[in-house]
Every structure is written in C-alpha cells, then in structure tokens.
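> Need a 3D model of the following:
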Amino acid sequence: MQYDIVRHGNEQEPVIIIDDFSSHFEQLKEASLSANFAPALAGYPGIRSPLNPSYLGERGELLSEITRNIYGFTKGINCESCDYSIVTAKPHDLVSGQCIPHYDSADNDVLAMMHYMLGAQSGGTAFYRHKATGFEAITPERQSHYKAILKSERESLGEAHKSYIYGDNKQFEMIGEVEAKPNRLILYRGRILHSGCIAKDANLSPDPAIGRITINGFLVDK
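Residues are numbered from 1 along each chain as shown. Reported below is the predicted structural model:
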C-alpha cells in the first residue's frame, strides 16, 4: 500500500495519511451500530466504545515500516487503546480544555491514530501553533513552560469561548489540516497540538449511524 507524508508549520512534524486502509471497512462500520458506547474519559467531548485493535494486523507490515522509518520505533508496535469515538458534546457544555487545541502525550514514541468513518463533511483534523510560544509540539522540555503560559493567558484573556476551535484565534494559529475521507487512517505524534474540525452546524448525534464517528487509538514503541 502507498501512503503520503505531509508536514505542517515550522517544526515539520510528519503526519502519515493512508487511504483505503482496511479491506473490512464496511464490517467495521456495521459493527459500530451494535457497539456499547459510554461517556469518554480523558477530555474527549463525546462517547466511546472499545474496539479490538486486531483489525490493524492486516496492515501490520506497513505500520511497522512507517513507525520504524518515519518515527524511529525500535522495539515494535503496541496499540494501547482503540475505540469507536463519537463527538456529542454541545458547544455550551464544553470545558475550557476542549475549546483549544490539545496534545495527547509529550512522549516522542506515542503516535495518535485516527481512522475516519465518514467524509469531509464530518470534519477532519487540524494542527496548530501556539502564538505566544511558537510551539507546535509539546515535548517534555516544553511542558512546564507551555502550561504556565496557558495559565497566564487564561488569567489575562479569560476562559476560552465555548465552541470547538477551527481556525485561528488570539492564542492559536491553524497551520494545517487533514480532510476526513471514508477509510482514511492518519498517524501523528501525540505531542502535536491538534483538534478535530467540528463545524458550528456539525451533527452531534450519539447515534453511530449518523453521528461523527471515528476510530481512535494510540500506538507506542514497546
């Protein structure tokens, strides 16, 4: 299979795009209809249902090549979590951390995986630069300073407006975007500042048949 590498901003972190990832895509969609969803943890604005990551094994050779050659994995790949995820939170119910770009882990060897079930209208993934620091990725060396600046900005600017971020604001600049496409899977280091592209008129239904459903997971070097 072929894959594309795109790089955004000044720090040029690699984002991998693999189209037509799974030959069992229709079965994955069908299985989501009977999945048991529950409120998500860790700040995700919606509901999730665990999914067996064994379906990734079909592309194990490709994923091994990518993680080894692009991201420097040396031990192998371990999928730490894999879930169907549906964005359901209404903008007025968001907490402040859900209204700005986030990072998943400062660890260099944690890759975020996003497998889109729907097309461009559902919203892809956008990547950001924090204006005050210029940071596009939050490494262990940057974490303390970044958190301190965010706290200072909350005190001076007030809490973020209750809405999903998509585009520039006073604190962040959007530096790139990957469009959603059915059966497109993307990988990127979890340390990159990013956010889902949730439109103001987005369908926030909890129904997996019509809601904004994706498969999310994390791959680590273990």
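
> remind me which residues of the protein are low pLDDT?
Of all residues in the chain, none has pLDDT under 70.

> just checking, next helix/strand downstream of the helix ranked longest in it?
The residue-count maximum for a helix in the chain (DSSP state H) belongs to helix 140-157. With elements assigned by DSSP states H and E, the helix or strand that comes after helix 140-157 is strand 172-178.

> can you tell me which residues contact residue 194?
101, 102, 103, 112, 125, 126, 127, 128, 188 (C-beta atoms under 8 Å, 6 or more residues apart in numbering). (Each C-beta comes from the backbone N, C-alpha and C, glycine too.)

> among the residues you listed, which are in strands?
Under the assignment DSSP state E, those contribute 112, 125, 126, 127, 128, 188 to strands.

> The third one contacts residue 166, doesn't it?
Yes: between residue 126 and residue 166 there is a contact under C-beta atoms under 8 Å: 6.4 Å.

> neighbour-wise, which of the two wins?
Neighbours were counted for residue 126 and for residue 166 using other C-beta atoms under 10 Å; residue 126 has more, 22 against 17.

> I'd like to know how many residues surround residue 89.
A count of nearby residues for residue 89, using other C-beta under 10 Å, gives 18.

> So it versus residue 210, what's the distance?
According to C-beta to C-beta, to the nearest Å, residue 89 and residue 210 sit 16 Å apart.

> quick revisit: now list the buried members of the contacts of residue 194.
101, 102, 103, 112, 125, 126, 127, 128, 188 (16 or more other C-beta atoms under 10 Å).

> which one of the ones in strands among the contacts of residue 194 sits closest to residue 220?
Checking these against residue 220 with C-beta to C-beta, the nearest one is residue 112 at 10.7 Å.

> The closest residue to that closest one other than its chain neighbours: what's it in contact with?
Leaving aside its sequence neighbours, residue 112 sits nearest to residue 190 (C-beta to C-beta, 6 or more residues apart in numbering; 4.6 Å). Each residue near residue 190 by C-beta under 8 Å, 6+ apart is listed here: 103, 104, 105, 107, 110, 111, 112, 218.

> most neighbours, which of these?
When neighbours are counted by other C-beta under 10 Å, residue 111 leads the contacts of residue 190 with 29 neighbours.

> Across the sheet, point out what pairs with the nearest residue to it once chain neighbours are set aside.
In space, and not counting its chain neighbours, residue 111 is closest to residue 219: 4.4 Å by C-beta to C-beta, 6+ apart. Beta-bridge pairing for residue 219 (DSSP bridges): residue 79, residue 111.

> isn't residue 219 right up against residue 107?
No: the criterion here is C-beta under 8 Å, and residue 219 misses it with residue 107 at 11.6 Å.

> And the strands in the protein?
Using DSSP E, strands in the chain cover 4-8, 13-18, 38-39, 46-50, 77-87, 110-116, 125-130, 172-178, 185-189, 194-196, 212-221.

> Output these in CSV, with distance to residue 65 appended to each entry.
Converted to CSV, the strands of the chain look like this (distance: least, C-beta to C-beta, whole Å):
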stretch, distance to residue 65
strand 4-8, 12
strand 13-18, 11
strand 38-39, 35
strand 46-50, 27
strand 77-87, 11
strand 110-116, 14
strand 125-130, 22
strand 172-178, 20
strand 185-189, 12
strand 194-196, 24
strand 212-221, 13
